[in-house]
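The sequence and its predicted three-dimensional model are supplied below.
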Amino acid sequence: MSDTARVYIVDDDRAIRWVLERTLAQPDIEVACFERADQAEIAMDRQPPDVLLTDIRMPGIDGLDLMARTRERHPDMPVIVMTAHSDLDSAVASYQGGAFEYLPKPFDVDDALALVRRAIAHARERRTPAREPEGIDTEIIGEAPAMQEVFRAIGRLSQSHITVMINGESGTGKERVAQALHQHSPRARAPFIALNMAAIPRDLMESELFGHEKGAFTGATSQRRGRFEQADGGTLFLDEIGDMPAETQTRLLRVLADGEFYRVGGHTSVKVDVRIIAATHQNLEQLVSEGRFREDLYHRLNVIRIHLPRLAERREDIPRLARHFLAEAAKELSAEPKLLTEEAEAHLARLSWPGNVRQLENTCRWLTVMASGREILVDDLPPELREIGSAEMAAGDWRGAFREWADRALAAGHTHLLEEAVPDFERILIETALKHTGGRKGEAAELLGWGRNTLTRKLKVLLPALADGSD
Ligand SMILES: Nc1ncnc2c1ncn2[C@@H]1O[C@H](COP(=O)(O)OP(=O)(O)OP(=O)(O)O)[C@@H](O)[C@H]1O
């Protein structure tokens, strides 16, 4: 890639295009603006940019569609979605669709430039096959027992070339762990190549993995090396392996057995030395039993297994992760790091985080841009994270958290756990009931299923400040 980065802007609003074009046009950034998504797509086919910046609401193809279509063709291209605050839901959806970031409107031009620069750096990093080991930042935060287990595994495997299977939900840090395994392996100086099976159209998968010869199919205008060749001597990280189509599974199995393959349309075999790390959020055993994943391939990949727990199962790590991400976001946006109030930190630690560590990271970026003061309060959180949802409660998360608490307390040598836990349990129920009744104790007692006298007695011990006075 040359030193000049190319950025495409798509927005039907002329004024926004004008502002962004002037802001982003820097000596090392070349900008092109488009009024409609289809125009941008034509240009992208001719010459893909390094970063795409698109509005959400546009006539014709809207920004989210454009992003989805772009990701199919250029899975590594960072896409920044611009959105008004009122469109927060679509912005959140854009994360789920894989957007790199979003830029809330109205935006500060310096923030916009900082964000685009970060996306450019990200695109470059993804495209540089050989990374110096010291260049990879694989700090993994984790004090939870399950994460300590992961660190031990990385340590134990550090002299090995063995195949590893990482499983865990989306956003739990599988790719980061794969990078760490590579970085701490004898292959550290060779390339680490990541490929997400879910992001590649089926018919391009084989050529993506194994490359193709010139003329192998329409559009194959030159020979291309696949990811296996790019990863020679290093590590190939196959993310979402459960999404690999059956015919590619067969081919992969053969390559793993023989250590050689043919490029699509090729007649000369290519030999490579590649360590495979695979990852999935799916239950591969089930896919095998349903006949959707080859059993022999499963056994070949599933030599050593590392499990990454959901973020909600390692809540004790949330405050440190949040502080880390706030510091990172501040650096990236050249802003002053925000601080979490104790209350906000405790709140974050109670949420269920279905998007796991990635969702926490995105939230911290959002807060760095959106929170008005230096200190972050619960009220500064995006609306969907302000309440501890009843769904989260119903999902039984508190029981999981509670079980972890008990585990930790026992591991730390505590005894008489009930004496610690029961008062907290009752206090929380009483406080919540009183909140619901606007402080009326008689009604609260009824909600709790206690007599009025019992509540009075409990209040004296548990919440003396609330004990005096009647309804
Ligand atoms: N323990 C951790 N410490 C610091 N950063 C982390 C940690 N875990 C994850 N991250 C960061 O969170 C983001 C999501 O992690 P990653 O991409 O590795 O998840 P993943 O499980 O591979 O997700 P997916 O399955 O969706 O690809 C990344 O930016 C990663 O750097």
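Yep, it's here.

Show me which residues of the stretch 301-450 of the chain are close to the ligand?
By C-beta under 6 Å from any ligand atom, the residues of the stretch 301-450 of the chain that approach the ligand are 321, 357-358, 361. Every C-beta, even on glycine, is put in place using the N, C-alpha and C of the backbone.

what's the spacing between Ile80 and the ligand?
16 Å (C-beta to the nearest ligand atom, to the nearest Å).

Out of the residues of the stretch 301-450 of the chain next to the ligand, list just those in helices.
Judged by DSSP state H, those include 321, 357-358, 361 as members of helices.

which of those residues sit farthest apart?
Leu321 and Arg358 (10.8 Å; C-beta to C-beta).

sorry, back to before: for the residues of the stretch 301-450 of the chain next to the ligand, which single residue is the most surrounded?
When neighbours are counted by other C-beta atoms under 10 Å, Val357 leads these with 26 neighbours.

Could you pull up the contacting residues of the closest residue to Ala198 other than its chain neighbours?
Of all residues not flanking Ala198 in the chain, Glu240 sits nearest, at 4.0 Å (C-beta to C-beta, 6 or more residues apart in numbering). Glu240 is in contact with 196-199, 279-282, counting by C-beta atoms under 8 Å, 6 or more residues apart in numbering.

Then Asp232?
190-191, 272-274.

Could you check the pLDDT of it?
Looking at Asp232, its pLDDT is 94.

ok, then the element right after whichever strand or helix holds Phe228?
Following DSSP states H and E, the helix or strand that holds Phe228 is helix 227-230. Next along the chain after helix 227-230, taking DSSP H and E as the criterion, comes strand 235-239.

Can you confirm whether that next one lies near the ligand?
Yes - Strand 235-239 reaches the ligand (C-beta under 6 Å from any ligand atom) through Asp239.

Report the mean per-residue pLDDT for stretch 351-358.
On average, stretch 351-358 scores 92.

Nearest residue to whichever residue of the chain sits closest to the ligand in space, please, no chain neighbours.
Proximity of the chain to the ligand (C-beta to the nearest ligand atom) peaks at Gly173, 2.7 Å away. Leaving out its chain neighbours, the residue that sits closest to Gly173 by C-beta to C-beta, 6+ apart is Val357, at 5.3 Å.

Leu385 too?
Leu351 (6.0 Å).

just Asp55 next, same as before
Asp11 (4.1 Å).

hmm, who's touching stretch 441-457?
In contact with stretch 441-457 (C-beta under 8 Å, 6+ apart) are residues 429-430, 433-434, 436-437, 458-459, 467, 470-471.

At the contact with the ligand, which residues of the stretch 151-300 of the chain appear?
168, 170-176, 239, 281.

For those, work out which two are farthest apart.
Arg176 and His281 (14.6 Å).

picking that back up, secondary structure and distance to Arg263 added to the contacts of Asp232, as CSV?
As requested, these are exported to CSV (DSSP: H, G, I helix; E, B strand; the rest coil; distance: C-beta to C-beta, whole Å):
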residue, secondary structure, distance to Arg263
Ala190, coil, 20
Pro191, coil, 18
Val272, coil, 11
Asp273, coil, 17
Val274, coil, 15
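
Select only the buried ones of those residues in ChimeraX?
Of the contacts of Asp232, the buried ones can be selected in ChimeraX as follows, counting by 16 or more other C-beta atoms under 10 Å:
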select :190,191,272,274
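
Next, the contact list for Glu426, please.
Neighbours of Glu426 in contact, by C-beta under 8 Å, 6+ apart: 458, 462.

and it, what helix or strand is that in?
Using DSSP H and E, the element containing Glu426 is helix 417-436.

So for that helix, mean pLDDT?
86.

residues of that helix that come out buried?
426, 429-430, 433-434.

Going along the chain, name the strands of the stretch 151-300 of the chain.
Ranges of strands in the stretch 151-300 of the chain, per DSSP state E, counting those that start in this stretch, are 164-167, 192-196, 235-239, 260-262, 269-271, 275-280.

could the ones you listed go into a markdown table alongside mean pLDDT and mean neighbour count?
Output for the strands of the stretch 151-300 of the chain, formatted as a markdown table (pLDDT from 0 to 100; neighbours: other C-beta atoms under 10 Å):
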| stretch | mean pLDDT | mean neighbour count |
| --- | --- | --- |
| strand 164-167 | 96 | 24 |
| strand 192-196 | 93 | 21 |
| strand 235-239 | 97 | 24 |
| strand 260-262 | 92 | 17 |
| strand 269-271 | 92 | 13 |
| strand 275-280 | 97 | 25 |
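
Please dump these into JSON lines; it should also carry distance to Glu41 for every row.
Shown next, in JSON lines, are those (distance: least, C-beta to C-beta, whole Å):
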{"stretch": "strand 164-167", "distance to Glu41": "35"}
{"stretch": "strand 192-196", "distance to Glu41": "22"}
{"stretch": "strand 235-239", "distance to Glu41": "26"}
{"stretch": "strand 260-262", "distance to Glu41": "33"}
{"stretch": "strand 269-271", "distance to Glu41": "34"}
{"stretch": "strand 275-280", "distance to Glu41": "31"}
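
Quick one: closest of those to Arg46.
strand 192-196 (25.0 Å).

Nearest to the spatial middle of the protein, which residue is it?
Arg358 (2.9 Å; C-alpha atoms, centre = their mean).

With the flanking residues excluded, which residue is spatially nearest to that residue?
Using C-beta to C-beta, 6+ apart, the nearest residue to Arg358 is Gly171, at 3.3 Å.
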